[in-house]
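K.L.:
no FASTA, just this:
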């Protein structure tokens, strides 16, 4: 399994050539100078809030690379100022090495600015077939796609519920997915997925639709539930509508008293494990409910990456033409259907492209926000530092 650092390095190498920023642009210089000043301010501060500690971790890699380039330039300038002919000859011989180092620092700074840093996170993913037998079959196809993809990404998966259709396919399914980048990547799956059937599959030429909802899982600090707020019923039959000699009584039902929300899980073989999954599912639902209420009260668009209410069509799976068409980002993004449904590098590439584009837009927004700010004394006093730092770029 790849470490976080290895994952980020591979991501950076793969997508470095797709988008870049002009490091010689005055606005970029001003933005990076702002980060330098901000870093110095945060480092000097003794009592930092959790938000400030997080911010320091975010900007420090950029500031460190800029500091390396400045140190490297000063070292080379000092050698040149000595006037020693032997040293000058050595410098000439080292020119290529210096140029390679300059290019590497340039590449590293580009990557650090544009590279989305994946975090350990989790989501509650729900699939709901719209109408018809074709939709339930499509829902099952997507369910298998995401299960396979989670395994490919080394993510942990816990099935919460699986409501199978009386004919074929799935009416509704939900699962907990957790691991490095799970929230950042799987949030792009939220929305309406459309299937265009193959003419040989059915006489009905109409397309079918599945709605995918994604909720971010909270950690223990963000949201926890007091035991007194829950009623936990155990020994629930695994198949309440179809009792047989093989029916297991390991299901768990949790009722949240303040809200009346009920969560049920009977997919695992033990009551203990089903209870763990049900509790995490309930915490996720309540956390999302709280975020929605906060966003309504503050008239904002929300404070998380939750994408549960996305109802626009995001992707079309054309079984007739054997292609998958992504409707966000690059309008011409098309993938081979067979390769895409394997749940491996095709879906990974699509999500990574969307994540990188999201990061690029966020960076542009940050730069724009800095440029709109009134010039502070700190930024004004450090303008000379900008010219010195970016002499290489």
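P.N.:
Noted; the coordinates are in hand. Nothing here was measured: the structure is a model prediction, and the numbers come from that model.
K.L.:
skip the chain neighbours and tell me the closest residue to residue 19.
P.N.:
residue 360 (5.1 Å; Cβ to Cβ, 6 or more residues apart in numbering). All C-beta spots, glycine's among them, are computed from the backbone N, C-alpha and C.
K.L.:
how close does that neighbour get to residue 354?
P.N.:
Remark: distance between residue 360 and residue 354 (Cβ to Cβ, to the nearest Å) = 11 Å.
K.L.:
looking only at neighbour counts, state which of these two leads.
P.N.:
Legend: neighbour count by other Cβ atoms under 10 Å for residue 360 and residue 354, higher for residue 354 (20 against 17).
K.L.:
where does the stretch 151-300 of the chain have low pLDDT?
P.N.:
201-205, 220-222, 238-247, 298-300 (pLDDT under 70).
K.L.:
the helix or strand where residue 32 lies: how far from the chain's middle?
P.N.:
Using DSSP states H and E, residue 32 sits within helix 26-44. Distance, stretch centre to chain centre, for helix 26-44: 26 Å (Cα atoms, centre = their mean, to the nearest Å).
K.L.:
please state the offset of stretch 125-133 from the chain centre?
P.N.:
Put simply, stretch 125-133 sits 24 Å off its chain's centre (Cα atoms, centre = their mean).
K.L.:
buried sites along it?
P.N.:
For stretch 125-133, a neighbour-count test (16 or more other Cβ atoms under 10 Å) marks 125-130, 132-133 as buried.
K.L.:
do stretch 100-116 as well
P.N.:
So for stretch 100-116, counting by 16+ other Cβ under 10 Å, buried means 101-102, 105-106, 108-116.
K.L.:
export the residues you listed to TSV and tack on pLDDT and distance to residue 35?
P.N.:
Formatted as TSV, the buried residues of stretch 100-116 follow (pLDDT from 0 to 100; distance: Cβ to Cβ, whole Å):
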residue	pLDDT	distance to residue 35
101	74	22
102	71	20
105	77	16
106	79	17
108	83	15
109	84	11
110	83	15
111	83	16
112	84	11
113	85	10
114	85	14
115	82	15
116	82	17
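K.L.:
so which of those sit within strands?
P.N.:
Among the buried residues of stretch 100-116, no member is found in strands (DSSP state E).
K.L.:
what about the strands in this protein?
P.N.:
In the chain, the strands defined using DSSP E lie at 120-129, 156-164, 170-180, 191-196, 208-216, 230-236, 251-256, 262-265, 313-318, 323-326, 334-336.
K.L.:
count of neighbours near residue 135?
P.N.:
Using other Cβ under 10 Å, residue 135 has 22 neighbouring residues.
K.L.:
should've said residue 206
P.N.:
Residue 206, neighbours per other Cβ under 10 Å, totals 11.
K.L.:
with residue 288 as the reference, measure out to it.
P.N.:
To residue 288, residue 206 is 32 Å away according to Cβ to Cβ.
K.L.:
repeat that for residue 100.
P.N.:
As judged by Cβ to Cβ, residue 100 and residue 288 stand 49 Å apart.
K.L.:
now swap in residue 343 and tell me
P.N.:
Distance, residue 343 to residue 288, using Cβ to Cβ: 26 Å.
K.L.:
so how far is stretch 345-355 off the chain centroid?
P.N.:
Worked out by Cα atoms, centre = their mean, stretch 345-355 lies 11 Å from the chain centre.
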